[in-house]
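A.B. asks: Fold the following, please.
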Amino acid sequence: MSTTTVPASAPAEQAGAAPAAPPRKVRARGERSRAGSLASHGILTVASLIALFPVAWLVYLSLGPDKDDYLHPERIWSKMTFDNYAFVLQHTNFFDWLKSSLIVSLGTTVIGVMVAATTGYAVSRMRFPGYRKLMWVLLVTQMFPIAVLIVPMYQILSGLQLVDSYLGLILVYCSTAVPYCAWLLKGYFDTIPFEIDEAGRVDGLTPFGTFFRLILPLARPGLAVAGFYSFITAFGEVAFASTFMLSDTKYTFAVGLQSFISEHDAQRHLMAATAVLVAIPVSAFFYLVQKNLVTGLTAGGTKG
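C.D. replies: Just a heads-up that it's a prediction; the model follows:
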């Protein structure tokens, strides 16, 4: 009768064997490590603070009661007041400036976006003689500096009796906003399938009906970007407004701010308070279109 013996060394070897290492975790595509996430959040935080610092500093200076407080900003903390805002609202033409700025900015936005949208759509969908040259001509118009354009534009507006009028200033601003917005919207219209136009024609829509009922609703993000650019261009411009608007009651905000600085005096505390109040309409307009800004900026640059 034979017996089988198990070597004693086998259990010892099994007991002394090191445990298997856990499988290495593989990050999914686009997933950052903890160190990378902390670094990106830190960079974004620093960038946000840098961007917000000028705004916060302007608000802080606007609370100083004296015009020379900007030279000694540490003294403002102990004597903060809102008297500057009360003076601007009660003893200046602030509301006239607000009315003029809104009329000019909204007029430029509406007219400029309408002209740019029809131009961009025509170049995107129609192949007429010279359609490429048309877009290059619009691009070339952006090369001329404002100082060169003021004199001929003033002569044109004077001949049309549009000097010191809202319509004249709106047309001037449209001449600078339309070329850029046309290029922007042309690139956005290129991303909309041409089959949508064909479907509209099959349903019996005219080219204008297809444009207004089908294409424009789909191009809402691009229109928001074009509208925001037109509004900001008209709201903050100084050279044209100070040249073509002669009445104090028709000054825009950008020109009205200059009234606080003279040859021998500079009321910087009132200017800072006015600048803070000026930022409110722009911030409100940005809030209304912010949902479509990112989409319009990214999609509009995919083709062109």
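A.B. asks: so where do the helices sit in this structure?
C.D. replies: Per DSSP state H, the chain carries helices over the ranges 9-16, 34-62, 83-91, 94-125, 131-140, 146-159, 166-190, 195-202, 207-210, 216-218, 220-235, 239-244, 253-256, 268-299.
A.B. asks: mind checking which of the ones you listed is nearest Pro73?
C.D. replies: Of all the helices of the chain, helix 34-62 sits nearest to Pro73, with 6.8 Å by Cβ to Cβ. Yep, even glycine has a C-beta here, placed from its N, CA and C like the rest.
A.B. asks: Make JSON lines out of the helices of the chain and add mean pLDDT and distance to Glu74.
C.D. replies: Output for the helices of the chain, formatted as JSON lines (pLDDT from 0 to 100; distance: least, Cβ to Cβ, whole Å):
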{"stretch": "helix 9-16", "mean pLDDT": "51", "distance to Glu74": "72"}
{"stretch": "helix 34-62", "mean pLDDT": "88", "distance to Glu74": "11"}
{"stretch": "helix 83-91", "mean pLDDT": "91", "distance to Glu74": "18"}
{"stretch": "helix 94-125", "mean pLDDT": "92", "distance to Glu74": "29"}
{"stretch": "helix 131-140", "mean pLDDT": "80", "distance to Glu74": "50"}
{"stretch": "helix 146-159", "mean pLDDT": "89", "distance to Glu74": "39"}
{"stretch": "helix 166-190", "mean pLDDT": "90", "distance to Glu74": "41"}
{"stretch": "helix 195-202", "mean pLDDT": "86", "distance to Glu74": "62"}
{"stretch": "helix 207-210", "mean pLDDT": "85", "distance to Glu74": "63"}
{"stretch": "helix 216-218", "mean pLDDT": "88", "distance to Glu74": "54"}
{"stretch": "helix 220-235", "mean pLDDT": "88", "distance to Glu74": "33"}
{"stretch": "helix 239-244", "mean pLDDT": "90", "distance to Glu74": "35"}
{"stretch": "helix 253-256", "mean pLDDT": "86", "distance to Glu74": "30"}
{"stretch": "helix 268-299", "mean pLDDT": "78", "distance to Glu74": "15"}
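A.B. asks: how about those in TSV, adding mean neighbour count?
C.D. replies: TSV is the format used below for the helices of the chain (neighbours: other Cβ atoms under 10 Å):
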stretch	mean neighbour count
helix 9-16	9
helix 34-62	11
helix 83-91	15
helix 94-125	20
helix 131-140	13
helix 146-159	13
helix 166-190	22
helix 195-202	12
helix 207-210	14
helix 216-218	13
helix 220-235	23
helix 239-244	19
helix 253-256	22
helix 268-299	17
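A.B. asks: can you redo those helices as a markdown table with distance to Asp68?
C.D. replies: Formatted as a markdown table, the helices of the chain follow (distance: least, Cβ to Cβ, whole Å):
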| stretch | distance to Asp68 |
| --- | --- |
| helix 9-16 | 83 |
| helix 34-62 | 11 |
| helix 83-91 | 13 |
| helix 94-125 | 23 |
| helix 131-140 | 47 |
| helix 146-159 | 33 |
| helix 166-190 | 35 |
| helix 195-202 | 62 |
| helix 207-210 | 60 |
| helix 216-218 | 53 |
| helix 220-235 | 29 |
| helix 239-244 | 26 |
| helix 253-256 | 22 |
| helix 268-299 | 8 |
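A.B. asks: quick one, phi psi at Asp203?
C.D. replies: phi -80, psi 0 (degrees, to the nearest 10).
A.B. asks: For it, give its distance to Ala117.
C.D. replies: The gap separating Asp203 from Ala117 is 21 Å, by Cβ to Cβ, to the nearest Å.
A.B. asks: With Leu71 instead?
C.D. replies: 49 Å.
A.B. asks: Likewise for Phe208?
C.D. replies: 12 Å.
A.B. asks: and if you look at Thr233?
C.D. replies: 16 Å.
A.B. asks: go on, Gly42?
C.D. replies: From Gly42 to Ala117 the distance is 42 Å (Cβ to Cβ).
A.B. asks: can you check Phe212 too?
C.D. replies: For Phe212, the distance to Ala117 - Cβ to Cβ - is 10 Å.
A.B. asks: And for Ser33?
C.D. replies: 45 Å.
A.B. asks: Same check on Gln258?
C.D. replies: On the measure of Cβ to Cβ, Gln258 and Ala117 end up 34 Å apart.
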